[in-house]
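Undergrad: sequence and predicted model, in that order:
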Amino acid sequence: MAMNINSATKRLGKKVKLYGWIHRKRESGGILFIILRDVTGLIQVAVKKAEVDDKSWNMASAATIESSVEVIGIVKEDKRSPSGFEMCAKSFRNIHISEPFPITEYQSTELLLDNRHLWLRSQKMINIMKARSYIFRYSREFLDKDGFFEVTPPVLTRAGGETGSDLFETDFFGTKAYLTESSQLYAEAMSFSLEKVYSLAPSFRAENSRTTKHLAEYWHLEPEMMRFDNLKSMLLQEKLISNIANRLAKDHEEILSILGVSKESLLNIKPPFKRVSYEDALSMINEKGFNLKWGDDFGVEHERALTESEDKPMFVYNWPREIKPFYMPVNPKDERTVLCSDLQAPKGHGEIIGGSERIWKYDELTERIKEVENAKGIKFDLDNYKWWMDLRRYGSVPHAGFGMGMERLIKWMLNLDHIRDAIPFPRMSNRLSP
């Protein structure tokens, strides 16, 4: 019967049938050595001219890199092969002979991006995509177990953020609409009925940024929680992150090993995470040779300086009110700041979560909107927000929420050089294909 490579390696001395693709191939003295791949891994197949019929030998000889094939043979141990096992072929059949594969050993980044649909077959990308799937699964399972309900907000919206300048605009049957930058407003509405909710959906940012941590389209995990304050939200965030990291390390050491990630580095991710106020973080960054002033946001180089020596994520809380969104409440203990936090990944990987309490009183929200309008010289179209502001008129309660960029999380946990490798088909300011 047909098997995958992983299960076949457990049937030493048995005849098995494998389907897969040719990853590598070489010939030596009447033997074809073929590295066969499938989703479970790699195995070396030895096709000996003296041990197969002419048809099998001719097919194996004609097969090219990335050809899809069927092999029947005997599995044995072989320490010299990549997986520690080898399959001695008894028959070989080509399902489809590949044209010359355009990706060879040494290629430019642009060529790999142009051929992303094919580069996804590489061992690096196969294992990143496996890890991505597990990270999505573990995120959902943790929140589901904690009593959250998954909700599905719309991607098309009339609400254009504070200015609409960083949103993708589109036409919705003659009405101006936007691709959402966050599902927060809709998740808040759902939380008034289901109390603890989350959405895991695409978000879009029309920022013309080409840093290693920016995507124009990314996957956004956004929980909203009734009767949570900022501290309770941070406690939830560190439990969520720790659970994902620990499960990935315990259950998928082989993936981490292929990607060069230390299992111990993820097992070390346990609460509590360090908590630093914005004011203290500002001082820590300036001690590294920068000259930031109160009210400045942190750029990539500042985040790196702040976290390059850290082994675990760290919270930066209570940011200046003038650089944070209108829905964050002013800190009663320091009115220069709002009740919020950003979670910074260690080793300079940057911000992975932004969260805050939400203003839950109608009058306070309208005053905060006026403040932002006056400070930034903008005008909100309140008709687009009326339904959301209504939540503060009908049985409002204190609540909080946060948004986690899934690709940023993956970039950090897998120690990737660039966020583009954390998603199958990256959308960046300079790339819309394939």
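TA: Okay, I see it.

Undergrad: can you tell me the closest non-neighbouring residue to Lys274?
TA: Nearest non-adjacent residue to Lys274, counting by C-beta to C-beta, 6 or more residues apart in numbering: Met314, 4.1 Å away. (Each C-beta comes from the backbone N, C-alpha and C, glycine too.)

Undergrad: which residue ranges of the stretch 301-434 of the chain form helices?
TA: 362-376, 386-390, 406-413 (DSSP state H, counting those that start in this stretch).

Undergrad: now for the residue nearest to Lys274: which residues touch it?
TA: 273-276, 306-307, 343-344, 346 (C-beta atoms under 8 Å, 6 or more residues apart in numbering).

Undergrad: swap in 6 Å and give it another go.
TA: 273-274, 344 (C-beta atoms under 6 Å, 6 or more residues apart in numbering).

Undergrad: three-state assignment of the residue lying farthest from the centre of the chain?
TA: Note on the chain: the largest C-alpha distance from the chain mean falls to Ala50, namely 49.3 Å (C-alpha atoms, centre = their mean). Secondary structure for Ala50, judged by DSSP: H, G, I helix; E, B strand; the rest coil, is helix.

Undergrad: before we move on, what about the one 10 residues further on?
TA: Secondary structure of Ala60, reduced to three states by three-state DSSP: helix.

Undergrad: which regions of the protein sit below the pLDDT cut-off?
TA: Along the chain, the model assigns pLDDT under 70 to residues 1, 160-165.

Undergrad: what strands flank the longest strand anywhere in it, and is each parallel or antiparallel?
TA: Identified as the longest strand of the chain according to DSSP state E is strand 15-28. Strand 15-28 has the following strand partners under DSSP bridges: strand 2-3 (parallel), strand 31-38 (antiparallel), strand 68-77 (antiparallel).

Undergrad: buried ones in stretch 113-128?
TA: Across stretch 113-128, burial judged by 16 or more other C-beta atoms under 10 Å covers 113-116, 119, 125-128.

Undergrad: which residues are contacting it?
TA: So stretch 113-128 is contacted by 102-103, 112, 255, 258-259, 425, 434 (C-beta under 6 Å, 6+ apart).

Undergrad: stretch 145-154 now?
TA: Under C-beta under 6 Å, 6+ apart, the answer for stretch 145-154 is 183, 186, 190, 194, 196-199.

Undergrad: endpoints of it, how far apart?
TA: Stretch 145-154 has an end-to-end distance of 25 Å (criterion: C-alpha to C-alpha, to the nearest Å).

Undergrad: and if you look at stretch 35-54?
TA: 21 Å.

Undergrad: if we can go back for a sec, buried deepest among the helices of the stretch 301-434 of the chain, which one?
TA: Of all these, helix 406-413 has the most neighbours on average by mean count of other C-beta atoms under 10 Å, namely a mean of 24.

Undergrad: just give the closest residue to Ile65, not the sequence neighbours.
TA: Per C-beta to C-beta, 6+ apart, closest to Ile65 is Phe101, 4.7 Å.

Undergrad: go on, Arg368?
TA: That would be Phe326: by C-beta to C-beta, 6+ apart, it lies 5.2 Å from Arg368.

Undergrad: ok, now Leu282?
TA: Leu292 (5.6 Å).

Undergrad: that neighbour belongs to a strand, doesn't it?
TA: No. Counting by three-state DSSP, Leu292 is not found in a strand; it is coil.

Undergrad: which ones are touching it?
TA: 282, 285-286.

Undergrad: dump those into CSV; add secondary structure as well.
TA: Shown next, in CSV, are those (three-state DSSP):
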residue, secondary structure
Leu282, helix
Ile285, helix
Asn286, helix
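
Undergrad: from the residues you listed, keep the buried residues only.
TA: Buried among the contacts of Leu292 by 16+ other C-beta under 10 Å: 282, 285.

Undergrad: next, count neighbours for Asp417.
TA: By the criterion of other C-beta atoms under 10 Å, Asp417 has 8 neighbours.

Undergrad: now swap in Lys130 and tell me
TA: Lys130: 16 neighbours (other C-beta under 10 Å).

Undergrad: how far away is it from Ala216?
TA: Per C-beta to C-beta, to the nearest Å, Lys130 is found 25 Å from Ala216.

Undergrad: then Phe172?
TA: 20 Å.

Undergrad: look at the two and report which has more neighbours.
TA: Ala216 (20 against 11).

Undergrad: was I right to think that one contacts Arg427?
TA: Yes. With contact defined as C-beta atoms under 6 Å, Ala216 counts as touching Arg427 (4.5 Å).
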